[in-house]
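[1] Predicted model and sequence follow; I will ask about them next.
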Amino acid sequence: MTKVKICGMQTIEDAQYAIDAGADFIGFVLAPSKRQLTIDEMRGILEKLDTKNAGTVGVMVNPSREEAEEALETGLDYIQFHGDEAPAFVEDFKDHAIKAFPSNSELGNSEKFEYPSNFILIDSPRKEYYGGSGSQFDWEAFDQEGLEPSRFALAGGLKPENIGEAISIFKPALVDVSSGVESDGKKDPEKVSRFIKNVKEVS
Ligand SMILES: O=C(O)c1ccccc1NCC(=O)[C@H](O)[C@H](O)COP(=O)(O)O
């Protein structure tokens, strides 16, 4: 079954709602973003959250080794490396790593899959920030050759209305959403529930 990550959590209530609605992973953005949290703010949420049914992910862009280690020390399960991190850097966080690439990355799929990470996430091209744009990339033009299905994660403009089609095209192991489950810039419980329900229905 396709797993679901709901990203861009900013409050305990939103994070707990997503977990209780069936999210497999919840994400906190620790990089420049309209959703950015400090490590201390994220720690404050994690301390109060019942996370036994979901993995927790901190999204970082080109962090130093010390910053990534500090984030993991809060009890996070994974760091999502959303910048231009090298394979050797990600290797040091093996078993706790998701590596993201924009769909227009110059790296071939086999080079991406050489990264020693739990998931390889394909997101839309970068805009103002490195992720969370809410834009869908050209699914038909994207070459899936070389993608390793058990580690392939899909993001970029996903929403309750298009997630069924996305799963039928890509058959990803994980789907990741932020903007598509928001209204007026805040997580919308109805959209979060509908997104998760639609994923479970088709996978
Ligand atoms: O969400 C952000 O604001 C963000 C900013 C900088 C780097 C990464 C960011 N998000 C990472 C995610 O995992 C998002 O879920 C992913 O980019 C998809 O976002 P969306 O297109 O809004 O669903």
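    Looks like it came in fine.
[2] Name the residues of the chain found near the ligand, please.
    Within the chain, the positions near the ligand by C-beta under 6 Å from any ligand atom are 7-8, 27, 29, 31, 33, 35, 59, 61, 80, 82, 123-124, 129-134, 155-158, 176-180. Where C-beta positions appear, they are placed from N, C-alpha and C, glycine not excepted.
[3] What is the neighbour count of residue 148?
    13 (other C-beta atoms under 10 Å).
[4] residues contacting it?
    By C-beta atoms under 8 Å, 6 or more residues apart in numbering, the contact list for residue 148 reads 113, 120.
[5] Report the buried residues of the least confident helix or strand in the chain by mean pLDDT.
    When the helices and strands of the chain are scored by mean pLDDT, DSSP states H and E, helix 109-112 comes last with a mean of 92. For helix 109-112, burial by neighbour count (16 or more other C-beta atoms under 10 Å) applies to 109, 112.
[6] Stretch 26-46 too?
    Quick answer for stretch 26-46 (16+ other C-beta under 10 Å): 26-31, 33, 35-37, 39, 42-43, 45-46.
[7] mind listing which of those are in helices?
    Cross-referencing those against helices under DSSP state H gives 39, 42-43, 45-46.
[8] and which of those is nearest to residue 103?
    Set against residue 103, the nearest of these by C-beta to C-beta is residue 42 (27.3 Å).
[9] could you measure the closest one against residue 30, distance?
    In this view, residue 42 and residue 30 are 7 Å apart by C-beta to C-beta, to the nearest Å.
[10] any residues in contact with both of these two?
    In contact with both residue 42 and residue 30: 58, 71, using C-beta under 8 Å, 6+ apart.
[11] Can you read off the pLDDT for residue 16?
    Listed pLDDT for residue 16 reads 97.
[12] Confirm that it sits in a helix.
    Yes: per DSSP: H, G, I helix; E, B strand; the rest coil, residue 16 lies within a helix segment.
[13] what's the burial count for it?
    Considering only other C-beta under 10 Å, residue 16 is surrounded by 18 other residues.
[14] now residue 72
    So residue 72, with other C-beta under 10 Å, has 16 neighbours.
[15] Quick check: which element contains the closest residue to the ligand within the chain?
    Taking C-beta to the nearest ligand atom, the ligand has its nearest neighbour within the chain at residue 132, 2.1 Å off. For residue 132, there is no helix or strand it lies in under DSSP states H and E.
[16] what sits against it?
    7-8, 29, 33-35, 178-179.
[17] Filter these down to the ones in strands?
    Per DSSP state E, strands hold the following members of the contacts of residue 132: residue 29.
[18] pLDDT and distance to residue 86 for the contacts of residue 132 - can I get that in TSV?
    TSV is the format used below for the contacts of residue 132 (pLDDT from 0 to 100; distance: C-beta to C-beta, whole Å):
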residue	pLDDT	distance to residue 86
7	98	23
8	98	26
29	98	22
33	97	22
34	97	28
35	98	26
178	98	26
179	98	29
